[in-house]
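**Student:** Sequence and computational prediction follow.
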Amino acid sequence: MNKNSKIKFLAVSIMAVLTATAGQNVLAHTRLETPAVAENTRVTNNVIIGHGCGENDVIGTSVVFPDGVDSTITVDGAAHTGALTDFVQNWGNLMQKNYSRAVFGFEGEKTDANDNVVGFWAGGGNTLPHNLNGYIPFRAGAVIIEPTSCAKSVKFYISIADICQITPTSGFSDETVNLWTHTGLGTPYDRVSATDDGPASLTITRTSTLPASCGTGVAVEVKPSAAQINRDMPIKIDGSQVWPK
């Protein structure tokens, strides 16, 4: 191989590595194994933790689903002032943590004042190596899209914190926690990013017939309020908060 060929080979190889690395970084976001589900379908799903905090292993995770009570709702990107029940009949207590010691040794559900499950946590016992994936299982109940609505899909944004060190919120950094959350909510758990690319999502797709007046239908999106994130993101055991400190 002559000198010019070696230089060309090296340049192509470097580009291939950079492209592969970029692809891995995109795929390494913590996401759901099954991000889209047909309406009226119950599935077993997993939160997939993609990586640790730099070289630090993951010791726990905290997951919050929008409760639909004071959530922000948009329709084709425009603010909706009505209730979530305008589009979904039965949101409120559809998510349940599946028992598993595959990754962490302890787990629990987070509930609201009506005992509806609004999230869950898992941690302790073991650590998830920073370079491996971790699967955290839960059950997603069958979502019923309001048949009289024009919703062709409803996307719920799920806020997740993968914890590598237990600190107060003032100690949050790339070395202590990965925040897969919204930007700009005004909470200590907000993700720092140029785009709102943090949360995982679960999209419910409509399979029933749209009303004739709906045309092609509308896309509905639901994200949690700042008040809910502040209330439900911390991990509490027997009433005592263990994260953040």
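**Tutor:** Good, I have the coordinates. Numbers count the residues shown, from 1 in each chain.

**Student:** The residue nearest the centre of the chain bridge partners, please.
**Tutor:** The residue lying closest to the centre of the chain (C-alpha atoms, centre = their mean) is residue 200, at 2.9 Å. When bridges are called by DSSP bridges, residue 200 pairs up with residue 158.

**Student:** ok, now the one 5 residues further on?
**Tutor:** With DSSP bridges as the criterion, residue 205 is bridged to residue 38, residue 153.

**Student:** any weak-confidence spans in this structure?
**Tutor:** Filtered on pLDDT under 70, the chain yields the residue ranges 1-27.

**Student:** quick one, helices of it?
**Tutor:** 3-27, 226-232 (DSSP state H).

**Student:** For the last one, give me every contacting residue.
**Tutor:** The one in question is helix 226-232. If you take C-beta atoms under 8 Å, 6 or more residues apart in numbering as the criterion, helix 226-232 is touched by 64, 66-67, 69-71, 110, 112, 118-119, 159, 181-182, 185-189, 224. (Glycine included, C-beta is placed from N, CA and C.)

**Student:** ok, 7 Å please
**Tutor:** Here helix 226-232 makes contact (C-beta atoms under 7 Å, 6 or more residues apart in numbering) with 64, 66-67, 70, 110, 118-119, 159, 185-187, 189.

**Student:** From residue 76, how far off is the residue lying closest to residue 139 once chain neighbours are set aside?
**Tutor:** In space, and not counting its chain neighbours, residue 139 is closest to residue 96: 4.7 Å by C-beta to C-beta, 6 or more residues apart in numbering. Applying C-beta to C-beta, to the nearest Å, the value for residue 96 to residue 76 is 31 Å.

**Student:** now residue 164
**Tutor:** 38 Å.

**Student:** ok, those two, which is more surrounded?
**Tutor:** Between residue 164 and residue 76, counted using other C-beta atoms under 10 Å, the more crowded position is residue 164 (23 against 11).

**Student:** Great, nothing more from me.
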